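S.K.: What follows is a predicted protein model with its sequence.
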Amino acid sequence: MKIWQKLYLSTLIVFLLMLNTGLLLAAGFLFRHNLTAEQEQAKTECYFLAQNLEHDFSILEKNGRFEDGIIDTLVQGYQNYYDGMDCRIRLKRQEQGGQDRIETRLERGAMTVLVERTLAGPYGSYVLTCEKELKDFEALWSSVRWTFAGISLLMSLLLCPLLYILLKILLRPLGELNEEVAQIAAGNYGRQITCRGRDEIAALAGNVSRMSEEIARQMAALREESRKKQQLTDNMAHELRTPLTAIYGYAEYLLRAKTSEEERCEGLSYIMSESMRLQRMGELMLSMRLYQCEDSITTIVNIQSLTGQVKNLLEAECREKEITLCCEMQAKQVRGEEELLINLFRNLLENAVRASSRGGTVWWRGCVREHGEKARTALRAGDALHRGDGCPAQRADSPAAETAGEQGDTISRTVVFTVEDQGVGMDEEELGRITEPFYRADRARSRAAGGAGLGLSVAEMIVKRYGGTMTFASRPGEGTRVTVELPGAPPKK
């Protein structure tokens, strides 16, 4: 049974029940009211009749004619008068006077009101009984019952179609919403559900619409993650197959063929080179896993020490390609973990060196960007360093920064690093995929350069670990610039 049918039947039953209960209560009230009025009228008539009899009895007694026969004749006269009023009068004598009473009787479908009154004074042994038949009252009550029954039937006949139409109109949006939800359940995510009004159904439609959009977004993200995982698996299988095939081929060649000492050394050298590449690939993949699982522990890292260690790691590679590494660091401290930051900039600089031609130059710069109203005022006052790489920065020890700190301005610092080369560069498509695991740009990241295709993926994880950002700007033939923003050390108070 549908919801509108349930509402229709339940509302109809409750309404009819309340209607008939109300009509029944109203009829009962009218019945009791009219019956009470009839009783009061019978009681009043009996009272006046009793007074008349007492007066007549006193006259008979004065005239010496107070006898039973005359009393019966007197009562019969009154009875003849009340016959036209459907009222019967009886006068009986008893040894002890009783109490006045009034009651209503229903005999053979006829309702009567019985009133008994004891005469006052010396006539207390006489009890007057007035029994009045309520014929007009019965007719009135029967008319009221039929009227109320007709009203109940008429209201029921009118209510049934009106309630049906009203519920169909009110619940029509719910039916439309149900159809839309069925479409969403069938897999058609991202549907926009419109419902006019400000009631609960409209609010529900809005929530379902937002839920559908969120499901569509989540499904798209899941599909993208699934694609990336599959691509990672395919790339990893491909990357592993190449060095393993080479290692196996050279090992089999050295084992089976008769080779000279020079050829044997060359083959072993190639095997060692491919083995080291596999080792490097395994280390990077393990690093990616660890960076995803471990919690971040940040400390204040000295940038001068950081640059010195990174330059030492790259010294041999730069010397081999005759690359000049220029470091311009105006920032002094950065928040992070020293080992991870060394890994981050080593990967970025290795890529820059590999992309550069022999005898080229790689720039590694660092500056501080301060946030705060007074810090911005100081920047506008001219105490900023405007660099060609688009990195407006303020010296950490500049007078303006110290003044802003003294004046109580809330200052937050961001250290902006840039790594720039003049190598082969990349187009937009390559920039969009450069951080994908195992992805290599054909010109800048060939296997001949020894890359595993994981360096920038690891670098991106490290930057995100500290809540920073990493962006790329490049053009084919003009080089590449990588901008990394990391949280800086708080200003001195």
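M.R.: Sure thing, it's come through. Keep in mind that this is a model prediction, so the values were computed, not measured.
S.K.: how far away is the spatially most central residue of the chain from V181?
M.R.: The residue lying closest to the centre of the chain (CA atoms, centre = their mean) is N207, at 7.0 Å. When distance is defined by CB to CB, to the nearest Å, N207 is 11 Å away from V181. C-beta here means a position set from N, CA and C on the backbone, and glycine is covered the same way.
S.K.: Quick check: C326 is in a strand.
M.R.: Yes: judged by DSSP: H, G, I helix; E, B strand; the rest coil, C326 forms part of a strand.
S.K.: What segments of this protein are strands?
M.R.: 87-93, 101-107, 110-118, 126-133, 299-302, 324-329, 333-336, 361-371, 384-385, 393-394, 412-421, 469-475, 479-487 (DSSP state E).
S.K.: so what does the second one touch, helix or strand wise?
M.R.: For strand 101-107, the packing partners by 3 or more CB pairs under 8 Å, 6 or more residues apart in numbering; DSSP states H and E come out as helix 3-63, strand 110-118.
S.K.: and what of the fourth one?
M.R.: For strand 126-133, the contact count by 3+ CB pairs under 8 Å, 6+ apart identifies helix 3-63, strand 87-93, strand 110-118 as packing neighbours.
S.K.: Tell me the spacing between the residue of the chain most remote from its centre and I70.
M.R.: The centre of the chain is farthest from one residue, G64, which by CA atoms, centre = their mean lies 103.8 Å away. Distance from G64 to I70, counting by CB to CB: 11 Å.
S.K.: same thing with L486?
M.R.: Applying CB to CB, the value for L486 to I70 is 132 Å.
S.K.: The two: who's more crowded?
M.R.: A count of neighbours by other CB atoms under 10 Å puts L486 above the other of L486 and I70, at 25 against 14.
S.K.: Let me see the contact set for that one.
M.R.: By CB atoms under 8 Å, 6 or more residues apart in numbering, the residues touching L486 are V334, R335, G336, T414, V415, F417, V463, Y466, G468.
S.K.: Could you list everything it pairs with in the sheet?
M.R.: Note on L486: beta-bridge partners by DSSP bridges are V415.
S.K.: would you list every one of the helices in the stretch 301-450 of the chain?
M.R.: For the stretch 301-450 of the chain, helices defined by DSSP state H, counting those that start in this stretch occupy the ranges 303-321, 338-355, 373-380, 399-406, 428-433.
S.K.: Dump the second one to PDB, restricted to CA.
M.R.: Read it as helix 338-355. Taking Å, rounded to 0.1, in the frame of the first residue of the first chain, the C-alpha atoms of helix 338-355 are listed here in PDB:
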ATOM      1  CA  GLU A 338      65.100  17.700   8.100                       C
ATOM      2  CA  GLU A 339      65.400  14.200   6.500                       C
ATOM      3  CA  LEU A 340      62.100  14.600   4.600                       C
ATOM      4  CA  LEU A 341      63.000  18.100   3.400                       C
ATOM      5  CA  ILE A 342      66.400  16.900   2.200                       C
ATOM      6  CA  ASN A 343      64.500  14.100   0.300                       C
ATOM      7  CA  LEU A 344      62.100  16.700  -1.100                       C
ATOM      8  CA  PHE A 345      64.600  19.200  -2.500                       C
ATOM      9  CA  ARG A 346      67.000  16.400  -3.600                       C
ATOM     10  CA  ASN A 347      64.200  15.000  -5.800                       C
ATOM     11  CA  LEU A 348      63.300  18.400  -7.200                       C
ATOM     12  CA  LEU A 349      66.900  19.400  -7.900                       C
ATOM     13  CA  GLU A 350      67.800  16.000  -9.400                       C
ATOM     14  CA  ASN A 351      65.000  16.500 -11.900                       C
ATOM     15  CA  ALA A 352      66.200  20.000 -12.700                       C
ATOM     16  CA  VAL A 353      69.800  18.700 -13.200                       C
ATOM     17  CA  ARG A 354      68.600  15.900 -15.500                       C
ATOM     18  CA  ALA A 355      66.400  18.200 -17.500                       C
END
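S.K.: In this structure F66 contacts F57, no?
M.R.: Yes: using CB atoms under 8 Å, F66 makes contact with F57 at a distance of 6.6 Å.
S.K.: Provide a list of residues in contact with F345.
M.R.: L306, V310, W364, F417, V419.
S.K.: for the closest residue to the fourth one other than its chain neighbours, what are its contacts?
M.R.: It stands for F417. Of all residues not flanking F417 in the chain, V484 sits nearest, at 4.5 Å (CB to CB, 6 or more residues apart in numbering). When contacts are counted by CB under 8 Å, 6+ apart, V484 touches L344, L348, V416, F417, T418, V419, V463, G468, T469, M470.
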